[in-house]
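Enquirer: Just need the structure, nothing else, for what follows:
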Amino acid sequence: MLNKWEGIILKSIPYGESNKIVTLYTREAGKMTAMARGAKKPASRLAAVTQTFTHGFYLLRSGRGMGTLEQGEPIDSMRHIREDLEATSYASYIAELIDRLTEDHGQSPNVFGLLHEALHAINEQYDPEAIALFVEWKMLPVAGVHPVLHQCANCGATEGEFAFSFQEIGFLCHRCFPIDPYLVRITPTQLRLIRTFFTVPIQQVGSLKLKKATKQFMKKIVRTVYDEQVGVRLKSRSFLDQLERTPELLPQKEKSEEKGE
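Expert: Numbers count the residues shown, from 1 in each chain. Okay, the predicted model is just below:
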């Protein structure tokens, strides 16, 4: 069966002397894996459209086992992502996270839209670290984790002082603090940001700029949830950690200030 789908390349692996095995997430059918014959050859019509992060229309022939990628028509090659080390690193993390949390032929609602919005935002030079954080928070339900962020996870209260509980996987109000001795105290600003990252679409947040310390705090919480509840270990995360330790590898950029917070 031959199908034309809109998709984004999550992964492209060399196979044999001239082929590639590509994994793409499609708008219509979720994640697919296909053989792209001859795609390693520079002159191949599949060479450019099978590069990681490429957004395009793909003609796939499916049957028993792995499908075959017949043709590709690029929509956006994500040029900035390819040319900027920081952008490449965070885009790779997003692609690997989505790849690991989804199944072939399994379609999770909103995942294509999230991937599309995230990569295009990074390609348009929005803060890639903040965009990756958005994806981490929004992929939690796909990973089977549903944090309680609209009320106290224990008593249901919506008023008062709150903290984040890894035990309850959500917020606890001050009346329920005693049930988790390891909770993380948060400010009202941090509470609003966590809710924003989890609920608001990327395009609605726009050019929200976050201080480094704010991003570090948000990252610590969401990655602890992944470590304790999901158990996913990503190669691209190790590289990001290395970049954190050696920022001199990245070009110097203007310090950003947190807008409105």
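
Enquirer: Name the residues of the least confident helix or strand in the chain by mean pLDDT that are buried.
Expert: Least confident helix or strand of the chain, by mean pLDDT, DSSP states H and E, is helix 202-205 with a mean of 77. Within helix 202-205, the residues that count as buried by 16 or more other C-beta atoms under 10 Å are Ile202. Yep, even glycine has a C-beta here, placed from its N, CA and C like the rest.

Enquirer: Do a quick rundown of the strands in the protein.
Expert: 2-15, 19-26, 30-36, 55-61, 67-76, 162-165, 170-173, 184-185 (DSSP state E).

Enquirer: C-alpha coordinates for the fifth one, CSV please?
Expert: What follows is the C-alpha trace of strand 67-76 in CSV, where atoms were taken according to Å, rounded to 0.1, in the frame of the first residue of the first chain:
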residue,chain,number,x,y,z
GLY,A,67,8.1,-0.1,4.9
THR,A,68,10.0,1.6,2.0
LEU,A,69,10.4,5.3,1.5
GLU,A,70,9.8,5.9,-2.2
GLN,A,71,9.8,9.7,-2.5
GLY,A,72,10.2,12.9,-0.4
GLU,A,73,9.2,16.5,-1.0
PRO,A,74,10.8,18.9,1.5
ILE,A,75,8.8,21.6,3.2
ASP,A,76,11.6,22.9,5.5
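
Enquirer: Can you lay out the strands of the chain as JSON lines showing distance to His116, mean neighbour count and mean pLDDT?
Expert: What follows is the strands of the chain, written out as JSON lines (distance: least, C-beta to C-beta, whole Å; neighbours: other C-beta atoms under 10 Å; pLDDT from 0 to 100):
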{"stretch": "strand 2-15", "distance to His116": "7", "mean neighbour count": "18", "mean pLDDT": "95"}
{"stretch": "strand 19-26", "distance to His116": "9", "mean neighbour count": "23", "mean pLDDT": "96"}
{"stretch": "strand 30-36", "distance to His116": "14", "mean neighbour count": "21", "mean pLDDT": "94"}
{"stretch": "strand 55-61", "distance to His116": "7", "mean neighbour count": "20", "mean pLDDT": "96"}
{"stretch": "strand 67-76", "distance to His116": "10", "mean neighbour count": "17", "mean pLDDT": "94"}
{"stretch": "strand 162-165", "distance to His116": "29", "mean neighbour count": "23", "mean pLDDT": "98"}
{"stretch": "strand 170-173", "distance to His116": "28", "mean neighbour count": "23", "mean pLDDT": "98"}
{"stretch": "strand 184-185", "distance to His116": "32", "mean neighbour count": "13", "mean pLDDT": "96"}
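
Enquirer: quick one, which of those is nearest to Glu96?
Expert: Glu96 lies closest to strand 2-15 among the strands of the chain, at 7.8 Å (C-beta to C-beta).

Enquirer: and the closest one, which strands flank it?
Expert: Strand 2-15 sits in its sheet next to strand 19-26 (antiparallel), strand 55-61 (antiparallel), going by DSSP bridges.

Enquirer: got the angle for that strand vs strand 30-36?
Expert: Strand 2-15 and strand 30-36 meet at an angle of 60 degrees, taking axes from the mean of the first three to the mean of the last three C-alpha atoms, to 10 degrees as the criterion.

Enquirer: Bridged to Thr68, which residues?
Expert: Per DSSP bridges, the residues bridged to Thr68 are Met35, Arg61.

Enquirer: that older thread, dump the strands paired with strand 2-15 to a markdown table, plus distance to Ala157.
Expert: Formatted as a markdown table, the strands paired with strand 2-15 follow (distance: least, C-beta to C-beta, whole Å):
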| stretch | distance to Ala157 |
| --- | --- |
| strand 19-26 | 39 |
| strand 55-61 | 44 |
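
Enquirer: Among these, which comes closest to Leu2?
Expert: Nearest to Leu2, of those and by C-beta to C-beta, is strand 55-61 at 5.2 Å.

Enquirer: Ala87 - how many residues pack around it?
Expert: For Ala87, the tally of surrounding residues (other C-beta atoms under 10 Å) stands at 21.

Enquirer: mind listing what it touches?
Expert: His80, Ile81, Ile122, Asn123, Gln125, Pro128 (C-beta atoms under 8 Å, 6 or more residues apart in numbering).
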